[in-house]
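Asks: need a structure here:
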Amino acid sequence: MEFKHQSVLLQEAITGLNIVPNGIYVDCTLGRAGHSLAILKHLSAGKLYCFEQDEEAIVASQQILQQSNYRNYEIIKNNFVNLAAELQLRQVKAVNGILYDLGVSSPQLDDDKRGFSYRYDSILDMRMNQDQVLTAQTVINTYSAMALAKVFQEYGEEPFAKVIAKNIVTARAEQTIETTFQLVTIIKKSLPQKVLRKAKHPAKRIFQALRIEVNQELSVLQASLEQAVKLLAVKGRLVVISFHSLEDRIVKKYFQTLTQDPNYEINQQLPTISYFESNYQIITKKAVVPAADEQTLNPRSTSAKLRILERVK
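Replies: Numbering: from 1, shown residues only. Have a look, this model is predicted:
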């Protein structure tokens, strides 16, 4: 299957990294190598480490990168939650920039065999790492109604989580739920007509929640960010592109935690001077969003937000 891939906020991400030609950089989400290629164009004596856990993405990106003249990169097949450990194995103690382009990629969404999309009838899979055991089908058919509702509420912010979870449990008692369309049918039957008449697909929230649960995306992101900031050299930049509010909330809150005096709220109530100095500085006071023309050309970029953190000492 041929895929057309467009890297979101490409120029903004490269500008945000503030690349030095002899620096060491990490692309935590290689995908189809769009951001990686752009980084390599700015490197001379430097090196790029690319993390990717999806074997199909690795094969595709290898073909793209091998067609370029660049050789100063290494693809690491692993989840970016293992960022520090993998770099330590390569004797890399500090880097000049780290990029995250989070979420599911367009090729993954458009592959009718991967089960990420509610628009194709396929096996409920949703694994980014196809070597892992847990799939969306396992979640749907083995989690209790309470556990399913919690996933749908926390990761999908679905207001009808409980009724959808209850109907899934009822349906699977008669027949195993194996495909995306089986799940979509149950979701549609669980929602009132006023919701079904809305433009947004009724299964969108549930599919997002399932994907996050299967891949443990939020806990993995938090753990990886905590490693990333420690790896940054002075003047090194951390650039994160997120695609839904839950991811962006984690990034925004963590950046604030790093840069704000832990006694800030207490000091606000007292006539004291804070001498707190952070090792980090938030470069983006507000999240950067795609320009109108990019959103028109690539509708999937509409929800993207980019945030940048710099190590200052």
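Asks: CA only for contacts and neighbour counts going forward, please
Replies: Will do.
Asks: What residues of stretch 64-74 count as buried?
Replies: Taking 16 or more other CA atoms under 10 Å as the neighbour-count basis, stretch 64-74 is seen to contain the buried residues 65, 73.
Asks: next structured bit after the helix or strand harbouring residue 85?
Replies: Taking DSSP states H and E as the definition, one finds residue 85 inside helix 83-89. Past helix 83-89, further along toward the C-terminus, the next helix or strand under DSSP H and E is strand 95-101.
Asks: tell me the contacts of residue 209?
Replies: For residue 209, the contacting residues are 151-152, 154-156, by CA atoms under 8 Å, 6 or more residues apart in numbering.
Asks: so which of these is the most crowded?
Replies: Sorting these by how many neighbours each has (other CA atoms under 10 Å) puts residue 152 first, at 26 neighbours.
Asks: any idea how far that one is from residue 140?
Replies: When distance is defined by CA to CA, to the nearest Å, residue 152 is 11 Å away from residue 140.
Asks: do residue 71 as well
Replies: Using CA to CA, which is the criterion applied here, residue 71 is 43 Å from residue 140.
Asks: who does the helix holding residue 85 touch, helix- and strand-wise?
Replies: Helix 83-89 makes packing contacts with helix 217-231 when contacts are defined by 3 or more CA pairs under 8 Å, 6 or more residues apart in numbering; DSSP states H and E.
Asks: what's the spacing between the helix holding residue 85 and its chain's center?
Replies: Its chain's C-alpha centre and that of helix 83-89 lie 20 Å apart, by CA atoms, centre = their mean, to the nearest Å.
Asks: Then stretch 299-312?
Replies: Going by CA atoms, centre = their mean, where stretch 299-312 is centred and where its chain is centred differ by 11 Å.
Asks: Endpoints of that stretch, how far apart?
Replies: First-to-last distance for stretch 299-312 - CA to CA - comes to 36 Å.
Asks: got a list of contacts for it?
Replies: 8-9, 13, 16, 229, 232-244, 248, 251-252, 255, 279-284, 286-290, 294-295.
Asks: per-residue confidence averaged over that stretch?
Replies: Here the mean pLDDT over stretch 299-312 is 95, rounded to a whole number.
Asks: repeat for stretch 52-70
Replies: Per-region confidence: stretch 52-70 scores 93 on mean pLDDT.
Asks: same deal with stretch 195-209?
Replies: Mean pLDDT, taken over the full extent of stretch 195-209, equals 95.
Asks: Just the terminal-to-terminal distance for that stretch.
Replies: In terms of CA to CA, the two terminal residues of stretch 195-209 are separated by 18 Å.
Asks: for stretch 67-80, same thing?
Replies: From its first residue to its last, stretch 67-80 covers 25 Å (CA to CA).
Asks: From the rest of the structure, what touches it?
Replies: Residues outside stretch 67-80 that contact it (CA under 8 Å, 6+ apart): 28-29, 40, 45-55, 58, 86, 220, 224.
Asks: can you check stretch 158-168 too?
Replies: By CA under 8 Å, 6+ apart, the residues outside stretch 158-168 that reach it are 140, 145-146, 148-150, 152-153, 183, 186-187, 190-191, 205-206.
Asks: 7 Å - rerun?
Replies: Under the criterion CA atoms under 7 Å, 6 or more residues apart in numbering, residues 145, 148-149, 152-153, 186-187, 190, 205 lie in contact with stretch 158-168.
Asks: From the chain's centroid, how far away is it?
Replies: Taking the mean C-alpha point of stretch 158-168 and that of its whole chain, the gap between them comes to 25 Å (CA atoms, centre = their mean).
Asks: and what of stretch 129-144?
Replies: Put simply, stretch 129-144 sits 19 Å off its chain's centre (CA atoms, centre = their mean).
Asks: again, but for stretch 210-218
Replies: Centre-to-centre, stretch 210-218 and its host chain are 10 Å apart (CA atoms, centre = their mean).
Asks: could I get it in PDB with only the CA atoms?
Replies: Provided in PDB are the C-alpha atoms of stretch 210-218 (Å, rounded to 0.1, in the frame of the first residue of the first chain):
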ATOM      1  CA  LEU A 210      -8.200   2.100  23.100                       C
ATOM      2  CA  ARG A 211      -5.100   3.100  21.200                       C
ATOM      3  CA  ILE A 212      -3.700   5.000  24.300                       C
ATOM      4  CA  GLU A 213      -4.500   2.000  26.500                       C
ATOM      5  CA  VAL A 214      -2.900  -0.600  24.200                       C
ATOM      6  CA  ASN A 215       0.300   1.400  23.800                       C
ATOM      7  CA  GLN A 216       0.300   3.000  27.300                       C
ATOM      8  CA  GLU A 217       1.000   6.300  25.500                       C
ATOM      9  CA  LEU A 218       0.500   8.700  28.400                       C
END
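Asks: tell me which residues in it are buried?
Replies: Going by neighbour count (16+ other CA under 10 Å), the buried part of stretch 210-218 is 210-215, 217.
Asks: I would like the residues contacting that stretch, please.
Replies: Residues outside stretch 210-218 that contact it (CA under 7 Å, 6+ apart) are 126-128, 134-136, 151, 155, 247.
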